[in-house]
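Participant: Fold the following and give me the result.
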Amino acid sequence: MKTSQQLIAEAKAAINEVSIADLSSALKTDSETVLIDVREPAEFTQQHIAGAVNYPRGVLEMNIHNHPKVAASGCAQDMALAQLAQSPLYLICRSGARSALAAEALQRMGFTQVYSVAGGIQAWLDAGLTVK
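Facilitator: Presented below is the predicted three-dimensional model:
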């Protein structure tokens with residue numbers, strides 16, 4: 001048996017975790033940056049980072065093919081998903097736990113530039129950064 005904290009620690013050891021400063025910089029400088037908020041819809045509706053797309057952790061793997069970048073590509077779904085897999089994907093949740101688990105899952109799906117935001121939206125808010 002593993003506790004949730006052990007599972008999260010294992011995920012964090014297998015993924016790339018970045019700071020809110022890294023995310024903020026990527027959003028300002030890289031137009032290819034994709035931000036996915038893996039919190040529940042009610043959490044997302046309360047406040048979120050501008051430009052984020054909401055795919056809750058529980059359905060992320062089943063819904064990633066619906067991302068606007070996939071739909072806008074005009075390519076077949078498999079090709080568009082492969083293109084999305086080459087974009088830097090930043091995942092954020094409330095504290096960094098769900099985003100770590102989500103990053104691990106997307107890596108298993110073949111996504112190569114996946115980053116979990118350490119501290120999540122709480123760290124973003126604590127730093128005084130803006131939300132919608």
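Participant: Where does the one residue sitting closest to the centre of the chain sit: helix, strand or coil?
Facilitator: Nearest to the geometric centre of the chain sits Leu91, at 1.5 Å (C-alpha atoms, centre = their mean). In three-state terms, and counting by DSSP: H, G, I helix; E, B strand; the rest coil, Leu91 is strand.
Participant: Please apply the same query to the one 4 residues further on.
Facilitator: Secondary structure, three-state DSSP: Ser95 is coil.
Participant: Could I get the contacting residues of the residue nearest to Thr112 when sequence neighbours are not counted?
Facilitator: Computed as C-beta to C-beta, 6 or more residues apart in numbering, the closest residue to Thr112 that is not its neighbour in sequence is Ala85, at 6.3 Å. The C-beta positions use only the backbone N, C-alpha and C, and glycine is treated the same way. By C-beta atoms under 8 Å, 6 or more residues apart in numbering, the residues touching Ala85 are 109-112.
Participant: Produce a PyMOL select command limited to the buried residues of those residues.
Facilitator: Isolation of the buried members of these (16 or more other C-beta atoms under 10 Å) is achieved in PyMOL through the command below:
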select buried, resi 111
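Participant: export the contacts of Ala85 to a markdown table and tack on pLDDT, secondary structure and distance to Asn16?
Facilitator: Listed next are these as a markdown table, based on pLDDT from 0 to 100; DSSP: H, G, I helix; E, B strand; the rest coil; distance: C-beta to C-beta, whole Å:
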| residue | pLDDT | secondary structure | distance to Asn16 |
| --- | --- | --- | --- |
| Met109 | 91 | coil | 15 |
| Gly110 | 90 | coil | 15 |
| Phe111 | 92 | coil | 11 |
| Thr112 | 90 | coil | 10 |
